[in-house]
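> just coords:
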């Protein structure tokens, strides 16, 4: 064993707490609510909270990890964070009745390494700034982007699984875990290679070069998708994609009941966030052809993140297999609700900035959420609300609990 007897006992105690929560009847009820939403027959809007400033939330050492081994420390952290969220702001999260043991999967990524300088504004931040220097200056540089290579160490995977069976024996079921969930937002990568400024200038001044970059990154990603298909290493049992729960009759009807670890049975997500500062026409030319080539390999797509999309929903609707679309704080919610229709899910992202100030205007939080729910009802929109990208709560974690209470009160009155 790679952990001590004392560390093993830590995991067993966490496993007991976890499975007690997982076996609650409400977990099955929440799954059915998510399935209704995801089949476009929403019973009520659904709510998630994710991407948290964990360094600000450690109440009574609930999040203090005690295990030294990196792999089992990650398992410990996963259990602690799920238990924490359920305890303090569960909203519509689902705790599944088993512990997932990740496989030893390697992903080469793209070969070319960004040139980045990290700028820590404060010691306590969870969102440091980064400055990128262009490493894609000419066509020769493009060839440095290599096809993604996927592999698995089956021996190490079995060792971890056998250890898990011993650790959690008599406590909690375990399953051999998640494969790869693909991130198709390759513009994020391109801006790391070029820098945001050079990416914008290249779109204007060197469009052919920009298209060549996107062709290479897209083809390199598709190579990884195909290799993961050959090895059956896609993640068909993950219950979330881009912070949203993805139980569906077609792909994941119940926990761990996926349809097989190939891309057609799985969710993926994509976005092109820098086009918030560009026109819909730019999105159509420089994003749509490439996300189209990648998205067609998957069963369902979550599209968007912090990008504005209300003014280009007609373009987003052309993305193959799209099911959920992000409505970020930069989108016009009224336009979004009026345009999205009843064949997609509006994934609304309330601004986390309301929770970051010295004082929280809870009336503003409530009216913001109620306005979105009202727009959903008026336009027959399938709605989920995801509070995410939370860089700070000003070291007052009780704010998340308060926000959760308000959000659930509103959606349960739908």
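That came through, no problem. Because the structure is predicted, anything quoted here is derived from the model rather than measured.

> doesn't residue 131 fall inside a strand?
Yes - Residue 131 forms part of a strand when assessed by DSSP: H, G, I helix; E, B strand; the rest coil.

> just list the residues touching the residue nearest to it when sequence neighbours are not counted, thanks.
Of all residues not flanking residue 131 in the chain, residue 117 sits nearest, at 4.6 Å (CB to CB, 6 or more residues apart in numbering). All C-beta spots, glycine's among them, are computed from the backbone N, C-alpha and C. Applying CB atoms under 8 Å, 6 or more residues apart in numbering, we find residue 117 in contact with 130, 131, 132, 133.

> so which one among these has the lowest pLDDT?
Across the contacts of residue 117, the bottom pLDDT score, 86, is held by residue 130.

> and for it, the neighbour number?
Neighbours of residue 130 under the rule other CB atoms under 10 Å: 10.

> which parts of the stretch 151-300 of the chain are helices?
Counting by DSSP state H, counting those that start in this stretch, one finds helices in the stretch 151-300 of the chain at the ranges 154-167, 186-194, 196-205, 207-231, 280-286, 288-295.

> how about TSV for these, with distance to residue 330 added?
TSV is the format used below for the helices of the stretch 151-300 of the chain (distance: least, CB to CB, whole Å):
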stretch	distance to residue 330
helix 154-167	41
helix 186-194	16
helix 196-205	16
helix 207-231	23
helix 280-286	14
helix 288-295	19
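
> point out the most buried one among these.
Mean neighbour count (mean count of other CB atoms under 10 Å) peaks for helix 186-194 among the helices of the stretch 151-300 of the chain, with a mean of 21.

> ok, and what's touching that one?
110, 112, 114, 116, 132, 134-136, 199, 202, 213-214, 217-218, 221, 270-275, 287, 290, 294.

> need the contact list for the nearest residue to residue 349 once chain neighbours are set aside.
Distances taken as CB to CB, 6+ apart place residue 328 nearest to residue 349, at 4.9 Å, with adjacent residues excluded. Residue 328 makes contact with 276, 304, 305, 306, 307, 308, 309, 349, according to CB under 8 Å, 6+ apart.

> what's the neighbour count on the second one?
Taking other CB under 10 Å as the criterion, the count of residues near residue 304 is 27.

> need the pLDDT of the residue lying closest to it once chain neighbours are set aside.
In this structure, residue 304 finds its nearest non-sequential neighbour in residue 326, 3.0 Å apart by CB to CB, 6+ apart. Confidence at residue 326, expressed as pLDDT, is 98.

> let's verify residue 326: helix, strand, or coil?
Secondary structure assignment for residue 326 (three-state DSSP): strand.

> which strand residues bridge it?
Residue 326 has the following beta-bridge partners by DSSP bridges: residue 347.

> can you offset everything so residue one is 345?
Right, with 345 as the first residue, what we last looked at is residue 670.

> spit out the contact partners of it.
Contacts of residue 670 (CB under 8 Å, 6+ apart): 586, 615, 646, 647, 648, 649, 650, 651, 653, 691, 693.

> who does whichever strand or helix holds the residue nearest to residue 475 pair up with?
Assigned by DSSP states H and E, residue 461 belongs to strand 459-463. Paired strands of strand 459-463, with direction, are strand 473-477 (antiparallel) (DSSP bridges).

> so which bits of the partner strand are buried?
Buried residues in strand 473-477, counting neighbours by 16 or more other CB atoms under 10 Å, are found at residue 476.

> hmm, who's touching that strand?
458-463, 465, 535-540.

> and the next helix or strand past that strand?
Once the chain leaves strand 473-477, the next helix or strand it forms, by DSSP H and E, is helix 483-486.

> before we move on, back to that, tell me the pLDDT at the residue nearest to residue 475?
Listed pLDDT for residue 461 reads 90.

> list the buried ones in stretch 485-497?
By neighbour count with 16+ other CB under 10 Å, stretch 485-497 contains the buried residues 485, 486, 489, 491, 492, 494, 496.

> got a list of what the nearest residue to residue 412 once chain neighbours are set aside touches?
Counting by CB to CB, 6+ apart, residue 412 lies nearest to residue 351, which is 7.3 Å off, once chain neighbours are set aside. Contact analysis of residue 351 by CB under 8 Å, 6+ apart lists 410, 411, 412, 413, 416.

> same check on residue 526?
Applying CB under 8 Å, 6+ apart, the residues contacting residue 526 are 565, 568, 569, 572, 578, 607, 610, 612, 613, 638, 642.

> and of these, the nearest to residue 756?
Ranked by distance to residue 756 (CB to CB), these are led by residue 613 at 27.7 Å.

> measure that closest one to residue 397 for me?
22 Å (CB to CB, to the nearest Å).

> quick one: which of these two has more around it?
The neighbour count for residue 613 versus residue 397, taken as other CB under 10 Å, is higher for residue 613 (24 against 21).

> make sure that one is actually in contact with residue 586.
Yes - assessed by CB atoms under 8 Å, residue 613 is found in contact with residue 586 at 4.1 Å.

> what do those two both touch?
Jointly contacting residue 613 and residue 586 under the rule CB under 8 Å, 6+ apart are 646, 649.

> report the separation between the spatially most central residue of the chain and residue 687.
When CA atoms, centre = their mean is applied to the chain, the residue found nearest the centroid is residue 586 (2.1 Å). Separation of residue 586 from residue 687 (CB to CB): 19 Å.

> do the same with residue 736
Counting by CB to CB - residue 736 and residue 687 are separated by 37 Å.

> which of the two has more neighbours?
Using other CB under 10 Å as the criterion, residue 736 and residue 687 rank with residue 736 on top: 20 against 10.

> now the more buried one. Its backbone dihedrals?
phi -160, psi 150 (degrees, to the nearest 10).

> quick check: it touching residue 398?
No - counting by CB under 8 Å, residue 736 stays clear of residue 398, with 11.3 Å between them.

> before we move on, back to that, dump the contacts of residue 672 into CSV; add distance to residue 387, pLDDT and secondary structure as well.
Formatted as CSV, the contacts of residue 672 follow (distance: CB to CB, whole Å; pLDDT from 0 to 100; DSSP: H, G, I helix; E, B strand; the rest coil):
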residue, distance to residue 387, pLDDT, secondary structure
620, 32, 93, helix
648, 24, 98, coil
649, 26, 97, coil
650, 28, 95, coil
651, 29, 95, coil
652, 29, 96, coil
653, 25, 98, coil
693, 21, 98, coil
